[in-house]
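Asks: show me how the following folds:
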Amino acid sequence: ENVWGSAAVAAMCAILAVYSPWDSVFFKLGFAASLATKLSDTMASEIGKAYGKTTYLITTMKGVPAGTEGAVSLEGTLAGVVGSAILGMYAWFMGLVNTLGFVLCLVAAAVATTVESVIGATAQGKYPWLTNELVNFINTAIGAAVAMGGYA
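Replies: Residues are numbered from 1 along each chain as shown. Predicted structure coming up:
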């Protein structure tokens, strides 16, 4: 389940890049941005939990324990930026995206992971159907959509 929550958007973009009659550059960007978003989210979460000195709930900016849904920290946020940069640079070096695409991957990942933190803080624990896998899918879909929207 977690693999599909994390990679379904990238898989859809990859399939569309190969088989759709539309511009494959557009879908290659969505592919790269969705993966940059997921790596950003994973690095932010794991580094924030392990090394975050002070964590805040994104909706109130009040201190909360590390690992709380919707919590953010400086260390985790910086790790997330590094994660999106690593994947965005790889996509750039491999020719999947151009310079604008690299920048859009960074912006899209930042927007999507922020939205994911808000979802975690406000809704994730309240609705049993809003699983971590679904939140990951939403996160990567937002990342792809923001990048593709910025390109269009």
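Asks: now do the contacts for the nearest residue to residue 57 once chain neighbours are set aside.
Replies: Residue nearest to residue 57 in three dimensions, not counting chain neighbours: residue 64, with 4.8 Å by Cβ to Cβ, 6 or more residues apart in numbering. Every C-beta, even on glycine, is put in place using the N, C-alpha and C of the backbone. Neighbouring residues of residue 64 by Cβ atoms under 8 Å, 6 or more residues apart in numbering: 55, 56, 57, 70, 71.
Asks: can you tell me which of these is nearest residue 111?
Replies: Nearest to residue 111 out of the contacts of residue 64 is residue 70 (Cβ to Cβ; 15.9 Å).
Asks: hang on, the closest one packs against residue 56?
Replies: No. Distance between residue 70 and residue 56: 9.3 Å, which falls outside the contact criterion (Cβ atoms under 8 Å).
Asks: what's the longest helix in the protein?
Replies: helix 24-51 (DSSP state H).
Asks: in it, which residues are buried?
Replies: 24, 26-45, 47-49 (16 or more other Cβ atoms under 10 Å).
Asks: how close does the residue nearest the centre of the chain get to residue 21?
Replies: Nearest to the mean C-alpha position of the chain, by Cα atoms, centre = their mean, lies residue 37 at 2.3 Å. Separation of residue 37 from residue 21 (Cβ to Cβ, to the nearest Å) stands at 26 Å.
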